[in-house]
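Chemist: give me a model of this one.
(chains A, B, C and D)
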Number of protein chains: 2
Amino acid sequence: MNKKEIILATALKLFVENGFHGTATAKIAQEASVATGTLFNYFRTKDELIFALYHLILKEMDDFILERMESHSISKESFESLFLSTVSWSLANPVHYHYLQQFSHSPYFKVALPTIENQEEHPLFVLIKNGIDIVLIKQLPVSFIYSLFTAQINGLHYYIISNDLSNEKQMELIKEAFEMLWKMIED
Amino acid sequence: MNKKEIILATALKLFVENGFHGTATAKIAQEASVATGTLFNYFRTKDELIFALYHLILKEMDDFILERMESHSISKESFESLFLSTVSWSLANPVHYHYLQQFSHSPYFKVALPTIENQEEHPLFVLIKNGIDIVLIKQLPVSFIYSLFTAQINGLHYYIISNDLSNEKQMELIKEAFEMLWKMIED
DNA sequence: TATTTTTGTGACTGATTAGTCAATCTTAAA
DNA sequence: TTTAAGATTGACTAATCAGTCACAAAAATA
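Modeler: Have a look, this model is predicted:
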């Protein structure tokens, strides 16, 4: 890890622990074992660091999901695979996932909106669009189904991290949650 | 509205607009047309104001939902009525609803957890528990169904406020969303 | 090796903040 | 009207913070 990555990782941890404004830049630098000046060499302002971290994590998540999308067919199995990848990532990276939530419920979000890559290019969004076109999915607005799909992942994630279950129980529940979601959105 | 209520209403608006730490107590006092000292007469610290606002809004929402729960039967209609009340409240009070989200994704939340009234006493939680007992609802953990139910409301709320629909379209969608949710959780 | 470029440093500053408190105003009881 | 209790005020303070900058170290180039 180079200094920039160390700063990002430290900032992530502290922002989730203490909030954006509850975390001083000097504190990030100290925990990352660099000078405050170094932090400002890599990020012109604290806000730039906050936004960079958001976009970095979004990209990490999307890359993980894209990597695991073997099939490009439009089928229940594709949806399930995408669902499983996303939940797996969220559970393997709970702090990252929490940061995304924290950011998107903060006032920074509306500022970031214009720079966020078009939702319409997201793999899940495209898959849903195609699913609706071939009448596999209910004939409703794509972004509505998209909202419910991601909401289901949020609900499932929140339940699992709030209750410590065995790995088998966890996997069963994830599969069950997908079947429920599918019953909800299939045509 | 007395001074305390004006302070709370002003704080709500500013916290949602600028975040907790992005809002100075002096700014709240100024916009509420009171002296900074007055704010601290009603709330010992800024944090106390933040927590008080959270609990106040939670209570307002719960009161609204309880008022509109005419039937006490355990039926699909009861679930629908509860679903509709909650969504109606969230759409009628988007800033309040946003504050709840912002708070519960902030570091304040874990501090507040012990003082939050037991989730198990929430009307929705009780209804789900009873629904599972009489095998109207899938035989799964109550708090799991609860998580998915509230997540569905989040997803629906988010979609509606992001897309301005006519009142009829809105109502249609809410009804549709409930039917989908029901298909998902019914036994 | 000598020179230039890049990277890193941390003491410093001007601005901002939460919270205080002695003085003033308002209200209502005596 | 007088008095007392409570409510309100806003100038003030000690602390904290984001961001700067002159300098130094390290790395790359000649």
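Chemist: from the middle of its chain, how far away would the helix or strand of chain A with the lowest mean pLDDT be?
Modeler: Using mean pLDDT, DSSP states H and E, the weakest-scoring helix or strand in chain A turns out to be helix A:108-112, at a mean of 89. Its chain's average C-alpha position is 16 Å from that of helix A:108-112, according to Cα atoms, centre = their mean, to the nearest Å.
Chemist: can you list the buried residues in it?
Modeler: Buried residues in helix A:108-112, defined by neighbour count with 16 or more other Cβ atoms under 10 Å in any protein chain shown: A:108, A:112. No exception for glycine: its C-beta is placed from N, CA and C like everyone else's.
Chemist: could you point out which element follows it?
Modeler: Going down the chain from helix A:108-112, the next helix or strand is helix A:123-133, by DSSP states H and E.
Chemist: any part of that following helix near chain B?
Modeler: No: under the criterion of Cβ under 8 Å from any Cβ of the partner chain, chain B is not reached by helix A:123-133; the shortest gap measures 12.9 Å.
Chemist: what mean pLDDT does that helix have?
Modeler: Average pLDDT, helix A:123-133: 96.
Chemist: what does stretch A:56-72 give?
Modeler: The pLDDT scores in stretch A:56-72 average 92.
Chemist: what does chain A have sitting close to DNA strand C?
Modeler: Chain A comes close to DNA strand C at residues A:2-3, A:34-38, A:40-42, as judged by Cβ under 7 Å from any atom of the strand.
Chemist: alpha carbons only: can I get the least confident helix or strand of chain A in CSV?
Modeler: The C-alpha coordinates for helix A:108-112 follow below in CSV (Å, rounded to 0.1, in the frame of the first residue of the first chain):
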residue,chain,number,x,y,z
TYR,A,108,-22.6,15.3,0.2
PHE,A,109,-24.7,13.0,-1.9
LYS,A,110,-26.8,15.6,-3.7
VAL,A,111,-23.5,17.5,-4.5
ALA,A,112,-22.1,14.2,-5.9
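Chemist: against which helices or strands is that helix packed?
Modeler: With contacts taken as 3 or more Cβ pairs under 8 Å, 6 or more residues apart in numbering or on different chains; DSSP states H and E, helix A:108-112 sits against helix A:46-67.
Chemist: and the helix it packs on with helix A:123-133, angle?
Modeler: Relative orientation of helix A:46-67 versus helix A:123-133 (axes from the mean of the first three to the mean of the last three Cα atoms, to 10 degrees): 50 degrees.
Chemist: same for helix A:46-67, what does it pack against?
Modeler: Under the contact definition 3+ Cβ pairs under 8 Å, 6+ apart, helix A:46-67 sits against helix A:3-18, helix A:25-31, helix A:76-92, helix A:94-104, helix A:108-112, helix A:123-133.
Chemist: follow-up on the earlier one: most surrounded residue in the residues of chain A next to DNA strand C?
Modeler: residue A:34 (18 neighbours; other Cβ atoms under 10 Å in any protein chain shown).
Chemist: doesn't that one fall inside a strand?
Modeler: No: counting by DSSP: H, G, I helix; E, B strand; the rest coil, residue A:34 is not found in a strand; it is coil.
Chemist: alright, I will stop here.
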